[in-house]
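>>> Predicted model and sequence follow; I will ask about them next.
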Amino acid sequence: MPQKISLFIITKNEEVNIGPCILSAKELVDEVVVVDSFSQDRTAQIAKELGAKVYQRSFVGFADQKNFALQQTTFPWALNLDADEQLSPQLCQQIKNVLPGTSYAGFTIPRANYFLGKPMKHSGLDKEYHLRLVRKDAARYEGELVHEKLRVDGPVGRINTPFWHNSYSNIESYFNKFNHYTTLAARQMQQKGRKFSLLFVLITIPFEFLKRYVLKCGFLDGIRGFLWASFSAFYVFVKYMKLWDITRKDSL
């Protein structure tokens with residue numbers, strides 16, 4: 001017997017991505033829940049036009065926002081996607097095949113990452129498995145502002161067909177999100193009592209680049225691998241500079 005599935009997505013200014021995301025899952029899911037953080041573009045309108053239940057809610061943290069979205073779903077199985085992610089027809093069919101009669105409480109699914117329009121097969125972005133499909137009554141998110149984790153009570157299976165992550169179609173879109181994420185990361189470090197260390201930053205920045213570009217074979221991804229390694233190192237630099245700035249302001 002087919003299992004009913006809810007798709008839930010959290011959004012903020014995703015008018016370019018939200019339509020393709022929802023449409024990619026239309027043959028699989030029985031409802032779509034979108035929790036939007038008061039987007040200033042047409043994200044909410046597009047989602048409503050495609051039949052989604054849309055809730056407006058201020059963003060506090062990823063775990064908190066996704067737990068709220070999960071709670072709004074109504075069917076036994078819940079699937080989470082980010083707005084810039086999509087399902088393939090093959091993945092939809094595989095999910096339909098594995099759910100009936102399963103004893104698992106959730107499934108991990110591999111993610112195929114695209115950067116600037118092409119797949120990233122190295123750079124630390126390959127072989128990523130994410131827990132995205134879960135029994136609603138056994139699932140919850142844990143974490144702080146960033147790096148939330150989806151947990152389930154029960155055994156977890158694996159689906160081998162990937163979903164697509166169309167991250168950052170251009171460099172401008174990367175840095176539009178970059179500022180937000182580095183600020184959240186800095187605030188989270190402050191909440192955990194992390195202290196700023198210039199020596200640590202000076203050591204970490206080149207290591208982050210070398211890890212992505214050399215150890216993770218980012219050079220095999222061409223110019224995109226070089227950019228990803230460079231941006232990753234710069235991310236570390238900026239989040240720690242923001243931590244320093246927050247600490248400086250608090251001490252005034």
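Arrived safely.

>>> Now for E144: which residues touch it?
For E144, the contact set (CB atoms under 8 Å, 6 or more residues apart in numbering) comprises 61, 63, 188, 191-192. Every residue, glycine included, has its C-beta placed from N, CA and C.

>>> tell me the two of these that are most distant?
Put simply, by CB to CB the two of those set farthest apart are A63 and K192, 14.6 Å from each other.

>>> the more surrounded of the two?
Neighbour count, other CB atoms under 10 Å: between A63 and K192, A63 has more, with 19 against 8.

>>> Helix or strand for that one, just tell me which one.
helix 62-72 (DSSP states H and E).

>>> which stretches of the stretch 151-252 of the chain have low pLDDT?
Along the stretch 151-252 of the chain, the model assigns pLDDT under 70 to no residue.

>>> A69 against F8, yeah?
Yes: the criterion here is CB atoms under 8 Å, and A69 meets it with F8 at 4.2 Å.

>>> Name the residues contacting each of those two.
33-35, 80.

>>> For the residues you listed, pick the one with the most neighbours.
Going by other CB under 10 Å, V34 tops the shared contacts of A69 and F8 with 28 neighbours.

>>> Quick check, that residue in contact with A44.
Yes: using CB under 8 Å, V34 is in contact with A44, at 7.2 Å.

>>> Need the three-state assignment for A83.
coil (DSSP: H, G, I helix; E, B strand; the rest coil).

>>> Count the neighbours of A69 for me.
24.

>>> Now distance to V98 and pLDDT too, for the shared contacts of A69 and F8, in TSV please.
TSV is the format used below for those (distance: CB to CB, whole Å; pLDDT from 0 to 100):
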residue	distance to V98	pLDDT
V33	22	98
V34	25	98
V35	27	98
N80	17	98
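
>>> okay if I get the residues you listed as TSV plus distance to V16 and secondary structure?
As requested, the shared contacts of A69 and F8 are exported to TSV (distance: CB to CB, whole Å; DSSP: H, G, I helix; E, B strand; the rest coil):
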residue	distance to V16	secondary structure
V33	20	strand
V34	15	strand
V35	18	strand
N80	20	strand
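
>>> before we move on, back to that, looking at the contacts of E144, spot the one nearest G218.
Closest to G218 out of the contacts of E144 is Q188 (26.0 Å), distances taken as CB to CB.

>>> In contact with the nearest residue to the closest one once chain neighbours are set aside, which residues?
Computed as CB to CB, 6 or more residues apart in numbering, the closest residue to Q188 that is not its neighbour in sequence is L145, at 4.4 Å. For L145, the contacting residues are 61-62, 184-185, 187-188, 191, by CB under 8 Å, 6+ apart.

>>> Understood, closing this out.
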